[in-house]
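A.B. asks: I'll drop the sequence and a predicted model, then ask my questions.
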Amino acid sequence: MNQKLFFSGLIVMFALSAAGHYFHFGNTLQFIISAIAIIFVAGFLGKATESVAHYAGQRLGGFLNATFGNAAELIIAIFLIRARQFEMVKASLTGAIIGNLLLVLGLSVLLGGLKYKEQRFNNRLAEHNATLMIMAVIGLFVPAVFVVSERFTFDQDQFLSLAVAGILIVSYILWLVFSMITHKDMLADEVMTADHGEAPAWSKGKSIIYLVVATVMVAFVSEWLVHTLDAFSEQFGLSELFIGAFVIAIVGNAAEHSAAVLLAMKNKIGAAVEIAIGSSLQIALFVAPVLILVSAMFGNTMDIVFTPIELTAIGVSVFIAKSVSRDGQTNWYEGVLLLMVYVILGIAFYLV
């Protein structure tokens with residue numbers, strides 16, 4: 001999309017979303033406008049992080065893209081927590097994890113594979129990512145099994161949730177130290193790809209400013225979107241699980257979608273994998289635990305107990321993503337497989 005046209009659309013949709021919220025358009029219309037607006041602002045966020053990534057390198061750039069791309073999910077979830085919609089928060093976290101592992105990674109591998117017969121990235125990084133994905137499943141699976149089967153009291157449930165949240169956050173921070181500092185060279189991209197003379201969209205200073213501006217815009221539009229969810233789901237008979245796991249997740253993942261796919265089509269599959277898998281790991285090991293702590297600060301702690309449906313969706317997503325990425329090379333058919341699993345889960349969630 002032409003940059004001037006994109007910014008015109010961004011300003012128009014942001015203004016319309018604000019008008020819909022403050023002048024009380026119909027709930028369905030407000031939802032549609034806010035959803036389109038958040039796609040635009042998430043795209044703006046993606047462009048800013050991609051520009052910053054040009055100066056920071058593929059791995060750090062991918063990490064920054066995943067981090068700021070997750071800003072939408074995090075901010076939406078905080079507003080949902082304030083409204084005490086804990087089940088929708090968990091559903092949106094589930095959707096963010098499976099959306100990144102299946103939809104974002106699947107589209108990146110498929111479209112990159114159609115252009116390049118085979119794409120490679122650091123297989124050591126792939127092995128570590130696989131182990132971390134299993135760690136994430138353990139962190140979400142164990143509390144659910146013990147709380148339900150042992151019939152923990154409310155206080156035991158809260159204590160276990162806070163303890164697991166703290167452990168997962170420490171694990172993620174230590175992973176950043178390991179991957180970005182102590183073993184940075186070992187996990188660097190082995191496959192060097194040319195930039196084909198590409199220049200970043202903006203200067204370093206302007207990219208950072210736009211990154212901050214985009215994050216603030218995401219915060220506003222996220223709040224406006226959250227206010228429409230109850231009425232929208234009731235009007236169309238959609239479950240909180242489907243709204244959280246697919247609608248919010250797809251809208252909130254717009255930044256990762258665009259950036260990861262574009263990087264894969266430039267044969268920078270390492271950065272695309274870092275965005276898709278790295279973003280899922282960040283959601284499971286950092287964002288979800290942080291939300292547990294944030295809810296405690298609001299005076300009503302959300303537990304870390306996910307439903308069997310959510311755990312099943314996360315488990316199968318991790319299994320297929322691990323199988324596809326473990327050897328450090330991808331092709332278009334593996335992208336198709338990831339997308340097919342996403343469609344299966346989407347149909348199942350819709351029918352709940």
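C.D. replies: Sure thing, it's come through. Residues are numbered from 1 along each chain as shown.

A.B. asks: every contact and neighbour count from this point should use C-alpha atoms.
C.D. replies: Noted.

A.B. asks: next one: L102, what pLDDT does it get?
C.D. replies: On the pLDDT scale, L102 is placed at 92.

A.B. asks: quick one: residues contacting it.
C.D. replies: L102 sits next to S317, A321, L338, L339, V341, Y342 when contact means CA atoms under 8 Å, 6 or more residues apart in numbering.

A.B. asks: repeat that for 7 Å
C.D. replies: By CA atoms under 7 Å, 6 or more residues apart in numbering, the contact list for L102 reads S317, L338, L339, Y342.

A.B. asks: now A245
C.D. replies: Neighbouring residues of A245 by CA under 7 Å, 6+ apart: A91, S92, T94, G95.

A.B. asks: again, but for V287
C.D. replies: L74.

A.B. asks: on that earlier part again, lowest pLDDT pick from the contacts of A245?
C.D. replies: Comparing those by pLDDT, S92 comes last, at 82.

A.B. asks: check the contacts of L102 and tell me the two furthest apart.
C.D. replies: Across these, the longest distance by CA to CA is 10.4 Å; it joins S317 and L339.

A.B. asks: and the helices in the stretch 101-250 of the chain?
C.D. replies: Per DSSP state H, counting those that start in this stretch, the stretch 101-250 of the chain carries helices over the ranges 105-115, 123-149, 154-177, 204-226, 229-236, 240-242, 249-252.

A.B. asks: could I get those helices as CSV with mean neighbour count?
C.D. replies: Formatted as CSV, the helices of the stretch 101-250 of the chain follow (neighbours: other CA atoms under 10 Å):
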stretch, mean neighbour count
helix 105-115, 24
helix 123-149, 18
helix 154-177, 17
helix 204-226, 19
helix 229-236, 14
helix 240-242, 22
helix 249-252, 25
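
A.B. asks: can you add distance to L187 and mean pLDDT and give the ones you listed back as TSV?
C.D. replies: Below are those laid out as TSV (distance: least, CA to CA, whole Å; pLDDT from 0 to 100):
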stretch	distance to L187	mean pLDDT
helix 105-115	19	93
helix 123-149	5	87
helix 154-177	12	91
helix 204-226	25	81
helix 229-236	41	78
helix 240-242	37	78
helix 249-252	28	70
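
A.B. asks: out of those helices, flag the one nearest I36.
C.D. replies: With CA to CA as the criterion, I36 lies closest to helix 249-252 of the helices of the stretch 101-250 of the chain, at 8.1 Å.

A.B. asks: got the angle between whichever helix or strand comes after the closest one and helix 105-115?
C.D. replies: Once helix 249-252 ends, the next helix or strand along the chain (criterion: DSSP states H and E) is helix 254-265. Relative orientation of helix 254-265 and helix 105-115, computed by axes from the mean of the first three to the mean of the last three CA atoms, to 10 degrees: 30 degrees.

A.B. asks: just the CA atoms of whichever helix or strand comes after helix 254-265, as CSV, please.
C.D. replies: Beyond helix 254-265 in the direction of the C-terminus, DSSP H and E gives the next helix or strand as helix 269-282. Below are the C-alpha coordinates for helix 269-282, written out as CSV (Å, rounded to 0.1, in the frame of the first residue of the first chain):
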residue,chain,number,x,y,z
ILE,A,269,12.8,-16.6,7.4
GLY,A,270,14.9,-16.4,10.5
ALA,A,271,13.4,-13.0,11.4
ALA,A,272,9.9,-14.3,10.5
VAL,A,273,10.3,-17.3,12.7
GLU,A,274,11.6,-15.1,15.5
ILE,A,275,8.4,-13.0,15.2
ALA,A,276,6.0,-15.9,15.0
ILE,A,277,7.4,-18.4,17.5
GLY,A,278,9.1,-15.7,19.6
SER,A,279,5.8,-13.9,19.9
SER,A,280,4.0,-17.0,21.1
LEU,A,281,6.7,-17.7,23.6
GLN,A,282,6.5,-14.1,24.9
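
A.B. asks: quick one: list the elements packing against helix 269-282.
C.D. replies: On a contact count with 3 or more CA pairs under 7 Å, 6 or more residues apart in numbering; DSSP states H and E, helix 269-282 meets helix 58-69, helix 105-115, helix 254-265.

A.B. asks: nearest to L351, out of the ones you listed?
C.D. replies: Evaluated over the helices and strands packed on helix 269-282, closeness to L351 peaks at helix 105-115, with 23.2 Å, by CA to CA.

A.B. asks: how far is that closest one from where the chain is centred?
C.D. replies: Mean C-alpha position of helix 105-115 versus that of the full chain (CA atoms, centre = their mean, to the nearest Å) differs by 18 Å.

A.B. asks: ditto for stretch 9-22
C.D. replies: 24 Å.

A.B. asks: what does stretch 145-165 give?
C.D. replies: Per CA atoms, centre = their mean, the displacement of stretch 145-165 from the mean C-alpha position of its chain is 26 Å.

A.B. asks: quote the end-to-end distance of that stretch.
C.D. replies: Using CA to CA, to the nearest Å, one end of stretch 145-165 lies 16 Å from the other.

A.B. asks: list the contacts of it.
C.D. replies: Contact with stretch 145-165 is made by G139, P289, I292, L293, T301, D303, I304, as judged by CA under 7 Å, 6+ apart.

A.B. asks: buried set for the helix or strand hosting I320?
C.D. replies: Following DSSP H and E, one finds I320 within helix 308-325. For helix 308-325, a neighbour-count test (16 or more other CA atoms under 10 Å) marks 309-311, 313-315, 317-318, 320-322, 324-325 as buried.

A.B. asks: average pLDDT for the helix or strand just after it?
C.D. replies: Next helix or strand after helix 308-325 toward the C-terminus (DSSP H and E): strand 329-330. Averaged across strand 329-330, the pLDDT comes to 88.
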